[in-house]
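>>> could you work out the structure for the sequence below:
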Amino acid sequence: SQHASVQKSQQYSLSVDLSNNGYWTQYCAAWIDWNNDGTFGSGEKLGESSINASTGTFSQTVTVPCSAGGGTTRMRVRAEYYAYGGSLDPCNYNYYFAGETEDYTVIILDSPRNIVSSNAFHPSTVDVNPGTNNVQMLGIRINAAGCGTMNLTNVTLSTSGTTSMSDVTNAKLYYTTTNV
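As a prediction, this is how the structure comes out:
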């Protein structure tokens, strides 16, 4: 059987070569059962295209959603001549015209988060004097890609110049997150 392995949050190209006699419009669409519930829901349609010439290619860029279920699922590709305006359904076949349906196995793999970039910044208006409390002295922006969780296990603070770590008597670490 034909199959492909894909990772969550990654982009892939799908291409289907089509040919017909040039007299009919041929439509092509594809679906992936992302949630692996055995049906192709409306949000699982990858795209649809048509050709009027003798040959053509249905091309679609597919991004695997982080919400996709893991493991083995199906991709369905359908091509049909003159599909009444081209709104193909993943399961209902138009018996008045010719067409073809093929299913393929897709194996969805996790894509762990990884750090793409990070930078530290110092707010420009901070004036930290002895006895000052609850003032942000340092910010660290971390940009990550992938799906799932990522653990930040170590933050090291050091000083240089005239400031001594012995001057820091109480430090708090706060964090905020934004899922991208």
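>>> okay, and the most centrally placed residue in the chain sits in which element?
Most central in the chain under Cα atoms, centre = their mean is residue 9, positioned 2.9 Å from the mean C-alpha point. Under DSSP states H and E, no helix or strand contains residue 9.
>>> how many residues are close by the closest residue to residue 147 other than its chain neighbours?
Leaving out its chain neighbours, the residue that sits closest to residue 147 by Cβ to Cβ, 6 or more residues apart in numbering is residue 66, at 3.7 Å. Yep, even glycine has a C-beta here, placed from its N, CA and C like the rest. Residues near residue 66, counting by other Cβ atoms under 10 Å, number 15.
>>> surely the residue nearest to the centre of the chain touches residue 111?
Yes - Residue 9 lies in contact with residue 111 (Cβ atoms under 8 Å); the separation is 4.8 Å.
>>> next, show the common contact partners of these two.
Overlap of the contact sets of residue 9 and residue 111 (by Cβ atoms under 8 Å, 6 or more residues apart in numbering) consists of 64, 66, 146-147.
>>> need those in TSV (columns: pLDDT).
Output for these, formatted as TSV (pLDDT from 0 to 100):
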residue	pLDDT
64	95
66	91
146	80
147	82
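>>> hang on, the earlier thing: how close does the residue nearest to the centre of the chain get to residue 110?
9 Å (Cβ to Cβ, to the nearest Å).
>>> now do residue 50
Taken as Cβ to Cβ, the span from residue 50 to residue 110 is 36 Å.
>>> in the strand or helix carrying residue 77, what's buried?
If you go by DSSP H and E, residue 77 is part of strand 71-81. By 16 or more other Cβ atoms under 10 Å, the buried positions in strand 71-81 come out as 73, 75-81.
>>> quick one, the following helix or strand past it and strand 71-81 angle?
Later in the chain than strand 71-81, the nearest helix or strand by DSSP H and E is strand 99-109. Put simply, strand 99-109 runs at 160 degrees to strand 71-81, going by axes from the mean of the first three to the mean of the last three Cα atoms, to 10 degrees.
>>> output the contacting helices and strands for the helix or strand that strand 99-109 is followed by.
Downstream of strand 99-109, the first helix or strand assigned by DSSP H and E is strand 114-121. With contacts defined as 3 or more Cβ pairs under 8 Å, 6 or more residues apart in numbering; DSSP states H and E, strand 114-121 has these neighbours: strand 139-145.
>>> wait, doesn't the residue nearest to residue 147 sit right on residue 9?
Yes - taking contacts as Cβ under 8 Å, residue 66 lies within contact range of residue 9: 5.6 Å.
>>> wait, residue 27 touches residue 52, no?
No - the criterion here is Cβ under 8 Å, and residue 27 misses it with residue 52 at 10.6 Å.
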